[in-house]
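> kindly return the folded structure for what I paste below:
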Amino acid sequence: MNNLVLAGCLPALLAPALCAQEQAVERIHVTAQSQSQQWLTDPSNAQHVQLNSTSAWYDAASLFNGVAGFQADSRANYAQDSRLSSRGFGSRSAFGIRGLRLLQDGIPLSAPDGQGQLSSVLLDQLDHLEVLTGPMAALYGNAAGGVVSLHSRKPEQDEASVLLSQSRFAGQQSLSVQQRYGDSSSRLSLKRAELQSQRPHSEAEKQQGQWIWFSPLEFADLMLRYDWSRDPLLQDPLGLTEAEWRADPNQTAANAERFDTKKSSRQRQLSLTLSQQQAEQFWQLGLWTGQRQVSQNLGFDGLSPTSAGGVVDLNRPFAGATALQQWQFGTLSLSLGASYEQSTDERKGYVNQQGQAADLRRDEKGKFSSTDWFSRFSYQLQPDWLLSGGVRHSESRVRVEDFYINDSNPDDSGRTTFNEQSAAISLSHHYTANSSWFVSAGQGFETPTLTEMAYQNEGSGLNLALKPSQSDSVELGHKWQFAQWRSSLVLFRTDTNDELLADQSSGGRTTYKNGGKTEREGLEWLWLWQASPHWQQQLSLTLLNARFADGGLQGKQLPGVARQQLYWALSYLPDQTPDAKLLLSTTLRSKIASTDQNQSFAPGYARVDLRWQAELPLASYRLSYELAAENLTDTDYVGAVVVNQTNGRAFEPALPRQFSASLRLSF
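Have a look, this model is predicted:
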């Protein structure tokens, strides 16, 4: 798994050892493992987020506060999942996450066609996450406009802990028991949460569990993980039109009640990783298998004979394997690897008759599989010059079998294959003891998903006219690191051809097309300063001009993308240790277009949060707690937009001011 080191400490809330003068190297484990490098000399813009075990994480979007180049949209709607985007990649997703590569402990969370979500992840048991933006992300394959790598907390001692959290809109209870057996260790974690928003018809229930085992064997280190999640009820209040949002952001769309819009899901996944590190070589093997089941009521009836239905019943078994071998030849590090991933969507659609599933409208099986071969290298040209890069070949196979065929609904079966290559190269120069620069370039791709290929405007069968989008990216970065502060500044540009766009939507069926060229350019700036033993601050700024570059949309802003984002956090440590901490943070975001034609914009906003954390040792017990005031100024703002909604219900209101308390007791 390719090791990318941290690009800086995040707020004091998230990083217990924020901006220490001698900071340990952190790695992002994705698909290859290379020699550890200090942040200052790393030829990429990787960022590291250390997570706090006391915080109650309800929404995955909150994990990414302050990550430069990343936009995390909080829908306050647990039926639609959080949405993430990196330099504009992924911003067009109508639900879930696409355009980004998601991994946990080196095992993919993304489906091979690029679709993914984080709602099944037990966020409370994550130790840290690492984020990669820029050209080097292209080395991770299909739909890798950015990389998010989650790392589970490793059990290190015999311990049991209970976490209780309550706020105006959410309550959570979790139990975790971990134990060591000689050199081996394991942990069992269970969680239950009840959530809602300020809007009617927004209740949600979530149940999750995880068992994880670490063991050093004679020939390799073993990690075995089983994840289980069940969401029996996720009500969907639907988006609002701009006029509805301005009149009353706390209302619910009428169709939500009429069609009882909601979702229930269940996911199980078993993952195994074997790895061995020797003096001059490293190898790793990863295996995984699982199943995801979803039942969802949509906000329309789907009565038309050619509709896909207003009730979705999806069963998705998936599996995969990846293998890697790395060698060290003096100043040259070389790795070779291969992976195979597959997922099968067994999908049925029914008429939504006032919230009940009625007549069948869709019955098909779609399989998407990919076989990848990749190679990476890192070469120390001189003590202060480093050259690194890699190539990847991906062969993706798509096959859809349609079992619902009649006079009004022709056969939509079909198959196709995509053969694509991606590559990236980077050069870094550590020219003084405290400064370095790097330049990198890469070419990536993104295939259409099974959902996007499902239908044509005219005729039947898969939309075989769709092509993968191609992106060319370059970036130039500079880093500074001193005793009290560190900073990074990155300038970037990405040109994309054959961008995938929504074409037509009728009767519950949406078709897609390749929409020409887009251009994205901007900068990412991160500055962390430890002003004194008591005061620390972080400033994160992202400027992104993402626009269409040709055709009838030329000059229009890409929907779902903010041009400016600013995050500033000031923390106070009264005891000069992370045991007690007060954090004040501010998030500013500019307006966001909701359609390709830029017909409406969600207005910009400023949000303020305040948190107090403390830890109290009590003999053999440890008590830690957090008090928080989120959206302190009670600002009405749009947390996310649903891109290109044909009915105009694009605005998803964010949560108003709420106070919360979390308490963790460990013994």
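> so in this structure, where's the weakest helix or strand by average pLDDT?
Lowest by mean pLDDT, DSSP states H and E among the helices and strands of the chain is strand 500-506, with a mean of 78.
> so what does that strand touch, helix or strand wise?
Strand 500-506 sits against strand 509-514, with contacts defined as 3 or more C-beta pairs under 8 Å, 6 or more residues apart in numbering; DSSP states H and E. (Glycine included, C-beta is placed from N, CA and C.)
> for the strand it packs on, C-alpha coordinates in PDB please.
In PDB, the C-alpha atoms belonging to strand 509-514 read as follows (Å, rounded to 0.1, in the frame of the first residue of the first chain):
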ATOM      1  CA  ARG A 509     -35.500   6.900 -15.300                       C
ATOM      2  CA  THR A 510     -32.400   9.100 -15.700                       C
ATOM      3  CA  THR A 511     -30.100   8.900 -18.700                       C
ATOM      4  CA  TYR A 512     -26.500  10.200 -18.900                       C
ATOM      5  CA  LYS A 513     -24.200  11.500 -21.500                       C
ATOM      6  CA  ASN A 514     -20.500  12.600 -21.900                       C
END
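> any idea of the mean pLDDT for that strand?
Strand 509-514 carries an average pLDDT of 84.
> which neighbours does it have in its sheet, and in what orientation?
In the sheet, strand 509-514 lines up against strand 500-506 (antiparallel) (DSSP bridges).
> mind listing what's buried along the strand it pairs with?
Across strand 500-506, burial judged by 16 or more other C-beta atoms under 10 Å covers 500-503.
> buried set for the helix or strand that contains residue 584?
Using DSSP states H and E, residue 584 sits in strand 580-589. Residues of strand 580-589 classed as buried: 581-585, 587-589 (neighbour count, 16+ other C-beta under 10 Å).
> who does that strand pair up with?
By DSSP bridges, strand 580-589 pairs with strand 564-572 (antiparallel), strand 605-618 (antiparallel).
> mind listing the helices for this structure?
Taking DSSP state H as the criterion, the chain contains helices spanning 242-247, 254-258, 450-453.
> looking at the strands paired with strand 580-589, which is closest to residue 382?
Shortest distance between residue 382 and those, using C-beta to C-beta, is found for strand 564-572: 36.6 Å.
> and that closest one, how far out from the chain middle?
21 Å (C-alpha atoms, centre = their mean, to the nearest Å).
> on that earlier part again, now the strand holding residue 584: average pLDDT?
Across strand 580-589, pLDDT averages out at 94.
> do stretch 217-229 as well
For stretch 217-229, mean pLDDT rounds to 94.
> restricting to C-alpha, output that stretch in CSV.
Written as CSV, here are the backbone C-alpha positions of stretch 217-229 (Å, rounded to 0.1, in the frame of the first residue of the first chain):
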residue,chain,number,x,y,z
LEU,A,217,2.1,-15.2,12.8
GLU,A,218,5.3,-17.0,12.1
PHE,A,219,5.2,-16.0,8.4
ALA,A,220,3.2,-12.8,8.4
ASP,A,221,1.1,-10.3,10.5
LEU,A,222,-2.6,-11.0,10.4
MET,A,223,-5.5,-8.6,10.6
LEU,A,224,-9.1,-10.0,10.5
ARG,A,225,-12.1,-7.7,10.6
TYR,A,226,-15.8,-8.4,10.5
ASP,A,227,-18.2,-5.4,10.1
TRP,A,228,-21.9,-5.5,10.5
SER,A,229,-24.4,-2.7,10.2
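> buried set for that stretch?
223, 225-229.
> ok, stretch 608-620 next?
Buried-residue list, stretch 608-620, by 16+ other C-beta under 10 Å: 608-609, 611, 613-615.
> got those as JSON lines, with pLDDT and distance to residue 291 columns?
What follows is the buried residues of stretch 608-620, written out as JSON lines (pLDDT from 0 to 100; distance: C-beta to C-beta, whole Å):
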{"residue": "608", "pLDDT": "97", "distance to residue 291": "42"}
{"residue": "609", "pLDDT": "96", "distance to residue 291": "37"}
{"residue": "611", "pLDDT": "94", "distance to residue 291": "38"}
{"residue": "613", "pLDDT": "92", "distance to residue 291": "38"}
{"residue": "614", "pLDDT": "92", "distance to residue 291": "42"}
{"residue": "615", "pLDDT": "88", "distance to residue 291": "39"}
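> need the residues you listed in JSON lines (columns: distance to residue 563).
Listed next are those as JSON lines, based on distance: C-beta to C-beta, whole Å:
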{"residue": "608", "distance to residue 563": "21"}
{"residue": "609", "distance to residue 563": "23"}
{"residue": "611", "distance to residue 563": "28"}
{"residue": "613", "distance to residue 563": "33"}
{"residue": "614", "distance to residue 563": "38"}
{"residue": "615", "distance to residue 563": "40"}
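> just the closest of the residues you listed to residue 296, please.
Distance ranking of the buried residues of stretch 608-620 against residue 296, using C-beta to C-beta, places residue 609 first at 31.7 Å.
> isn't the closest one right up against residue 626?
No. Using C-beta atoms under 8 Å, residue 609 is not in contact with residue 626, being 11.8 Å away.
> mind checking how far the closest residue in space to residue 197 that isn't next to it in sequence is from residue 119?
Distances taken as C-beta to C-beta, 6 or more residues apart in numbering put residue 76 closest to residue 197, at 4.4 Å, once the chain neighbours are dropped. As defined by C-beta to C-beta, to the nearest Å, residue 76 lies at a distance of 14 Å from residue 119.
> repeat for residue 634
Applying C-beta to C-beta, the value for residue 634 to residue 119 is 27 Å.
> how about residue 358?
28 Å.
> settle it for me: which of these two has more neighbours?
Higher neighbour count among residue 358 and residue 119: residue 119, with 22 against 16, using other C-beta atoms under 10 Å.
> no further queries at this time; thank you.
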